[in-house]
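1. Build me a structure from this.
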Amino acid sequence: MCQFCVQHGEGKRWYLNARNYAFDLESDLRRRGFMVDFVGGFEKWRRGADAGLAALRYLPKPVAGLAAGVVSRSQQKEHFGQPVPLEECARIFELATNITRIPCVCRGAMAPGSSAESCCIVMTVHPHDELLAECFQGYTGGPDAEGFEKLTKEQALSLLRRCEERGLCHTAWTFMTPFVAALCNCNLSSGCMAMKSQLGGVRVMWRGEGVARLDPERCSGCGCCVPACPFGALRQAGPREVRLARTACWGCGTCRTWCARGALALEPRRATADVARVW
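-> Numbering: from 1, shown residues only. Modelled structure (predicted):
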């Protein structure tokens, strides 16, 4: 069990604790203000983050490590994420029943005239329509931009399945921890700032509670799953051989959608000796 489950899970996985979705953003003005500033100022923050990540590459490793650690600790208090497999996303939608599809800010939704894909989800216990109107005040999407759409649980899961078919993984995110308010659907090529930060040495996301296992008896070695892994944990090792680097697996479960033979499955990370401490 990861540190956030211990701190915020009350015996459950932190993103399955109903209390973490039940903050009333009509009265919690500090948290509401954080979310409004986060979304409205994301483009400015993105430019600063890109510059910071570039600067880290030129610093001596000890200094870069200290700076990255400071940012990571701040993120834990404000905005951190973790991959969540589809079956647990379904459980989240049982807890947080107000669900809205929104434009993805990592894809540049807050850039003027952007046609950023609307594939992220806001889900809360209390209605959040007024909050979203405030967060996206002044938002002007491009000609191909989609608007905001209220979803049922079934519609939301259908969206997530379509995302998996494109190699996107689902990640749950806090907004002033422990409040969980969003599920993102991303990979590195789509512009995910969390993944970019991880590669740059700044930890803003923790590995999932599960880890993939590859069954060699079922695997045909076709390699269909290889490009589907958002984290590069799968590779084609030969004409009919696929290998899984479990230490590189983040436990999103996206690869399972791409395997017609059911050779990939998730198992609890804490119960596996080889990666139990790899978070």
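2. show me where the stretch 51-200 of the chain has strands.
-> Residue ranges of the strands in the stretch 51-200 of the chain, as given by DSSP state E, counting those that start in this stretch, are 81-83, 98-102, 120-124, 149-151, 169-174, 180-186.
3. Pop the domain breakdown of the chain in here.
-> Residue ranges for the domains of the chain, per automatic domain parsing: 3-199, 210-271.
4. Report the rounded mean pLDDT for the strand or helix carrying R47.
-> Element membership for R47 (DSSP states H and E) is helix 42-56. In this model, helix 42-56 carries a mean pLDDT of 91.
5. circling back: how about the strands of the stretch 51-200 of the chain, which one is nearest D274?
-> The closest of the strands of the stretch 51-200 of the chain to D274 is strand 81-83. By Cβ to Cβ, the value is 18.3 Å. (Each C-beta comes from the backbone N, C-alpha and C, glycine too.)
6. picking that back up, which residues sit against the helix holding R47?
-> 38, 64, 67-68, 71, 105-106, 108-111, 193, 196-197, 200-202 (Cβ atoms under 8 Å, 6 or more residues apart in numbering).
7. and if we set it to 7 Å?
-> A64, A67, A68, V105, M110, A111, M193, K196, S197, G200, G201, V202 (Cβ atoms under 7 Å, 6 or more residues apart in numbering).
8. in it, what counts as buried?
-> F42, R46, A49, L53, L56 (16 or more other Cβ atoms under 10 Å).
9. Stretch 200-208 now?
-> Quick answer for stretch 200-208 (16+ other Cβ under 10 Å): G200, G201, V202, R203, V204, M205, W206, R207, G208.
10. which one is the residue nearest to the spatial centre of the chain nearest to, not counting chain neighbours?
-> Most central in the chain under Cα atoms, centre = their mean is T171, positioned 2.3 Å from the mean C-alpha point. Excluding its sequence neighbours, the residue lying closest to T171 (Cβ to Cβ, 6 or more residues apart in numbering) is G81, at 4.4 Å.
11. Give me the below-cutoff pLDDT ranges for the stretch 1-150 of the chain.
-> For the stretch 1-150 of the chain, applying pLDDT under 70 flags the ranges 1.
12. please redo it, this time with the cut-off set to 80
-> 1-4, 6-7, 9, 11 (pLDDT under 80).
13. where does the residue of the chain positioned farthest from its centre sit relative to C225, distance-wise?
-> Here the centre of the chain is the reference, and by Cα atoms, centre = their mean the most remote residue is P239, at 32.5 Å. For P239, the distance to C225 (Cβ to Cβ, to the nearest Å) stands at 16 Å.
14. still on that earlier bit, please convert the domains of the chain to a markdown table, extending it with distance to V278.
-> A markdown table is the format used below for the domains of the chain (distance: least, Cβ to Cβ, whole Å):
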| stretch | distance to V278 |
| --- | --- |
| domain 3-199 | 13 |
| domain 210-271 | 6 |
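15. related to what we said a few turns ago, residues contacting the residue nearest to the centre of the chain?
-> G81, Q82, P83, V84, L183, C184, C186, A194, M205.
16. Buried subset of these as a ChimeraX selection?
-> Here is the ChimeraX command that selects the buried residues among the contacts of T171 (16+ other Cβ under 10 Å):
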select :81,82,83,84,183,184,186,194,205
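17. Can you tell me the closest non-neighbouring residue to V202?
-> V202 sits nearest to A68 (Cβ to Cβ, 6+ apart), 4.7 Å away.
18. Apologies, that question was intended for L244.
-> L214 (4.2 Å).
19. Roughly how far does the one you found sit from E267?
-> For L214 relative to E267 (Cβ to Cβ), the value is 11 Å.
20. The two: which is more packed in?
-> Under the criterion of other Cβ atoms under 10 Å, the comparison of L214 against E267 puts L214 first, with 19 against 13.
21. so how many other residues sit close to the residue nearest to K153 when sequence neighbours are not counted?
-> Leaving aside its chain neighbours, K153 sits nearest to F93 (4.2 Å; criterion: Cβ to Cβ, 6+ apart). Using other Cβ under 10 Å, the number of residues around F93 comes to 21.
22. List the beta-bridge partners for the residue nearest to L244.
-> On the basis of DSSP bridges, L214 is bridged to L264.
23. If anything else comes up later, I'll come back, but that's it for now.
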